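Engineer: Quick one: sequence and predicted model below, then my questions.
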Amino acid sequence: MNLKSLTLAALALAAAAALPVHAKPNVPSIEQLAAFPQVSSLSLSPDGKQIAGLQARGEERVILVWKTDALEAAPTVIGAGRMKFQSVSFIKNGLLAVTLWQPFDLRTDRLNKTFISKFFITDTEGKVWKEPINPPRASSQTEELEQALSNSTVLDTLPNDPDHILVINGAGSNSGDVYKVNLRTFSTQRIQKTEERVAGYVTDLNSELRARLRQDVDGTGAYIATEFRNPATNAWEQHFRSYVKDRDINQVVGFADDPNIAFMLSNVGRDKTVIYEYDIAARKQKELLYEHKFFNAGAVLMNRYKEAGGVPFGALLGIGYAGPRTNEIEWTNPTFKALEAGLRQALNITSSPVELVDPATGIHATTTLDTGRSIRLMDYSADLKTFLVAVSGPANPPEYYLFSGGRLTLLAKAYPQIDPGAMGDTRLVYYKARDGLDIPAFLTTPNTELCGAGPWKAVVHPHGGPWGRDGMDFDGSMWVPLMASRCMAVLRPQFRGSADWSRRLWMAGDAEWGQKMQDDKDDGAQWMIEQKIAQPGHIAMFGFSYGGYSAFAASVRPNGLYKCAIAGAGVSDIKKIWSRFYTNPFFRQAQAKTVDGLNPLDKAGEMKIPLMVYHGDRDRTVPIEQSEWFVAKAKNSGQPVEYHAIADYAHGPAWTRAIMGEQLQLIDDYLTKGCGGGGL
């Protein structure tokens, strides 16, 4: 690997990227923000000879396949029919794994309006299309609906086998069974018949089924069992039992080159997850492999290619953790560490000092992190000679590069029409909640050349979940880019109940819906005022899903700081929404008890501020009735309320660019012109 050539080849490119730009940024239009990325879902063939990806062509997307040694030549183009492409990736040399989706209507006892997603294998010219496993013929309308909504998934690509993959069947009476599929003949062999309540399998480096998770209930409560397969008896044996009420995690995230050593992700007795080595035969914890003082450990990256040059099969390449960019990787292998260092230099990637705060202990520390552009190794060839690289940041839509033969080549930009200068500046901040808990948040402030100095109009923008989180990646939903480019500061609080920041912060949200969880958001709004970031009286709340619930809650809570709110696909009645999901003991104990607090629907008739509500008519996660109920009662509050039902929209993403544009235009118009009159 010639890293000197890498640096020299990209010197002019890096210098150009570093040149200051003084022109006033161009504000992106709704059409530009709503467009599909021009290129996405890039993937490299195992032999490094071809690249596949999706290209946007207006409302449609096509698959493009290039040769890496002839990038200037016209690529092969593969189109879709009635369904639309969602993703594409190489699964073998010459074969692509493709997912497609489309609207789906089926009447059983009621009209089910939803979407279906299907997984196919095709060649690099798109001539032959096959499902890995064909489900049996449905015997009823209910079974037809179940098959339509389910999909086979790849368990293991078997990287050292040129013909086969392991697939978990997602439809029919044998749902969850594991099959070995020959992708040349499409013959199948079932290698594991799945028992009830099995939640997933893990293979070892030799692609043998070695671990699985199983959900069950005993006299103590609902639990998740971690089981290993005994090679001598072929029986599954329980090694760990974690009760969901305790929020403990015991999860197998990989295996060492010694198949008796598993890598366990665990937070037992800790505030954050760590990764340690586990001796399966001795049932004993061994070396602590990775621990981060401020963030949860995540994935273990191993070399699974036997032909990798200079890197042994089974070598540890790096560790993933849930840092500010959600999926950070700390490379430990010398080859990958050197590659990353060379790419950072060539692409002018720099780090800045950032103060971190642990919500569990209040401990502070200063470290250096990528706060602007960062790099990510997307894919690499089996011989470790060809790499796909992405460069992106909160204000920088992804750019894709090929590194091969010592040369770094720009392949494409996802959104070349969007001016990064209009996206503002994003940083990780912390503020104190009223009870003293440290709340992490991502703050985006507008570009001062475009918008002038602060304080600015501002939006508190809570994430969905609530057991989710935000990150410092580019926001592909375009909500933050939309608001920042319209000269609004945006605060995304990682309120109590958010995942990955600490067990304490996560569990502190239990049964605090609309109460302390909502206080955290309001305290963030107050913090922005005190920091001269937000203009008092000109703050809105906008959220989607659980964030939509938060907007409903903000609209009915007294003495708020918000001029108006926007609720997208929000939950308004927490009593009814969870009755749909918690119909068995496991789910009732896993999360139902954590969902308690303010029920916005009960207070809708006393709404305190103007509200805009939008919801998709194909949403099967949060039924559209949740918005309809609230709006009907809110009309008696004396406050203005807008309601927009969006046809053929689910719980995201948008089926067409027109639907994406309709959603963004509603948000834009309400914040700039509505919000009770005159805009925010």
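Structural biologist: Now that the structure is in, tell me what you want to look at. Numbers count the residues shown, from 1 in each chain.
Engineer: Tell me the buried residues in stretch 247-259?
Structural biologist: By 16 or more other Cβ atoms under 10 Å, the buried positions in stretch 247-259 come out as 248, 249, 250, 251, 252, 253, 254, 255, 256. For glycine as for every other residue, the C-beta is placed from the backbone atoms N, C-alpha and C.
Engineer: brain fart, stretch 390-406
Structural biologist: 390-404.
Engineer: tell me how far the ends of it are from each other?
Structural biologist: End-to-end distance of stretch 390-406 (Cα to Cα, to the nearest Å): 17 Å.
Engineer: Residue 489 - nearest residue in space that isn't next to it in sequence?
Structural biologist: Leaving aside its chain neighbours, residue 489 sits nearest to residue 458 (4.2 Å; criterion: Cβ to Cβ, 6 or more residues apart in numbering).
Engineer: Does the one you found touch residue 533 like I think?
Structural biologist: Yes - using Cβ atoms under 8 Å, residue 458 makes contact with residue 533 at a distance of 6.6 Å.
Engineer: list residues touching both of those two?
Structural biologist: residue 489 (Cβ atoms under 8 Å, 6 or more residues apart in numbering).
Engineer: which of these two has more neighbours?
Structural biologist: Using other Cβ atoms under 10 Å as the criterion, residue 458 and residue 533 rank with residue 458 on top: 31 against 18.
Engineer: how near is the more buried one to residue 434?
Structural biologist: 19 Å (Cβ to Cβ, to the nearest Å).
Engineer: do the same with residue 426
Structural biologist: For residue 426, the distance to residue 434 (Cβ to Cβ) stands at 25 Å.
Engineer: With neighbour numbers in mind, choose between those two.
Structural biologist: Between residue 426 and residue 434, residue 426 has the larger neighbour count (other Cβ under 10 Å), namely 25 against 11.
Engineer: For the closest residue in space to the more buried one that isn't next to it in sequence, give me its contacts.
Structural biologist: Among residues not flanking residue 426 along the chain, residue 394 sits closest, at 3.5 Å (Cβ to Cβ, 6+ apart). Residues near residue 394 by Cβ under 8 Å, 6+ apart: 372, 423, 425, 426, 442, 444, 472, 473, 474, 475, 480.
Engineer: Ok, residue 369 next?
Structural biologist: 323, 324, 351, 352, 354, 428.
Engineer: Now for the residues you listed: which two are most distant?
Structural biologist: Using Cβ to Cβ, the pair of the contacts of residue 369 lying farthest apart is 323 and 352, separated by 14.2 Å.
Engineer: more crowded one of those two?
Structural biologist: Comparing residue 323 with residue 352 by neighbour count (other Cβ under 10 Å), the higher total belongs to residue 323, at 23 against 10.
Engineer: Now the closest residue to the more buried one other than its chain neighbours: which helix or strand?
Structural biologist: Residue nearest to residue 323 in three dimensions, not counting chain neighbours: residue 295, with 4.9 Å by Cβ to Cβ, 6+ apart. Element membership of residue 295, judged by DSSP states H and E, is empty: it is in no helix or strand.
Engineer: and residue 295, backbone torsions?
Structural biologist: Main-chain dihedrals, residue 295, degrees, to the nearest 10: phi -130, psi 160.
Engineer: Let me see the contact set for residue 601.
Structural biologist: Residues counted as contacts of residue 601 (Cβ under 8 Å, 6+ apart) are 552, 572, 573, 629, 630, 633.
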